[in-house]
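Enquirer: got a structure for you, letters missing:
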């Protein structure tokens with residue numbers, strides 16, 4: 001496993017652990033607001049710069065660690081699955097945006113849409129866990145749509161605030177990881 005992209009160097013593991021701490025802390029700091037946390041935005045930005053694997057590691061790790069404080073339950077599984085889907089969709093979206101100039105506004109809109117998608121995925125998984133039938137699922141999802149809207153608005157605001165400072169910082173860190181010895 002000589003490929004630098006696939007190896008887990010001490011430097012890479014340390015950076016991933018620090019990123020988990022950053023995401024987990026950001027989730028706790030904003031936990032007083034319903035569904036308004038920079039987690040989704042940071043994971044999207046990580047996907048753009050670090051790649052899918054690292055973003056999934058940080059997303060899953062931060063959900064598990066923060067749910068130790070906020071409450072662990074069956075929703076933890078649905079949160080991890082929803083963030084994994086968002087990371088995969090973000091990666092595909094990034095491939096399309098590489099050809100466009102002025103991608104920033106697209107990322108702002110995209111991050112908002114991901115807030116709605118996150119809530120929808122969590123609702124679907126919860127409905128399957130609790131064996132809800134289709135009409136009950138629609139009512140369940142509609143009852144929580146306002147929280148998804150809060151998430152979408154929060155994501156867009158966080159993208160406006162975090163895109164410019166984090167993209168260069170994440171790129172620089174990622175370059176150092178690739179150059180670091182095993």
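Expert: Structure's in. What do you need? Computed from a predicted structure; not experimentally measured.
Enquirer: hey, let's count contacts and neighbours off CA atoms from now on
Expert: Noted.
Enquirer: Helices of this protein, residue ranges please.
Expert: Ranges of helices in the chain, per DSSP state H, are 10-29, 39-49, 52-70, 75-97, 103-129, 134-143, 145-179.
Enquirer: Save these as JSON lines, and put in mean pLDDT too.
Expert: Output for these, formatted as JSON lines (pLDDT from 0 to 100):
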{"stretch": "helix 10-29", "mean pLDDT": "91"}
{"stretch": "helix 39-49", "mean pLDDT": "96"}
{"stretch": "helix 52-70", "mean pLDDT": "93"}
{"stretch": "helix 75-97", "mean pLDDT": "95"}
{"stretch": "helix 103-129", "mean pLDDT": "93"}
{"stretch": "helix 134-143", "mean pLDDT": "87"}
{"stretch": "helix 145-179", "mean pLDDT": "93"}
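Enquirer: Determine which stretch of these is the most buried.
Expert: Among the helices of the chain, helix 39-49 has the highest mean neighbour count (mean count of other C-alpha atoms under 10 Å), at a mean of 25.
Enquirer: just checking, what packs against that one?
Expert: helix 10-29, helix 52-70, helix 75-97, helix 103-129, helix 145-179 (3 or more C-alpha pairs under 8 Å, 6 or more residues apart in numbering; DSSP states H and E).
Enquirer: Indicate which one of these is closest to residue 138.
Expert: Across these, residue 138 has its closest neighbour in helix 103-129 (9.3 Å, C-alpha to C-alpha).
Enquirer: who does the closest one touch, helix- and strand-wise?
Expert: Looks like helix 103-129 contacts helix 39-49, helix 75-97, helix 134-143, helix 145-179 (3+ C-alpha pairs under 8 Å, 6+ apart).
Enquirer: gap between the residue lying closest to residue 19 once chain neighbours are set aside and residue 29?
Expert: Sequence neighbours aside, residue 58 is the residue nearest to residue 19 in space, at 6.4 Å (criterion: C-alpha to C-alpha, 6 or more residues apart in numbering). Separation of residue 58 from residue 29 (C-alpha to C-alpha, to the nearest Å) stands at 17 Å.
Enquirer: The residue nearest to residue 19 contacts residue 18, doesn't it?
Expert: No. Taking C-alpha atoms under 8 Å as the definition, residue 58 is not a contact partner of residue 18, at 9.1 Å.
Enquirer: Overlap of the contact sets of those two?
Expert: Overlap of the contact sets of residue 58 and residue 18 (by C-alpha atoms under 8 Å, 6 or more residues apart in numbering) is empty.
Enquirer: What residues does residue 56 make contact with?
Expert: By C-alpha under 8 Å, 6+ apart, the residues touching residue 56 are 83, 84, 87.
Enquirer: can you redo those residues as TSV with distance to residue 117?
Expert: Formatted as TSV, the contacts of residue 56 follow (distance: C-alpha to C-alpha, whole Å):
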residue	distance to residue 117
83	10
84	12
87	12
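Enquirer: Alright, I will stop here.
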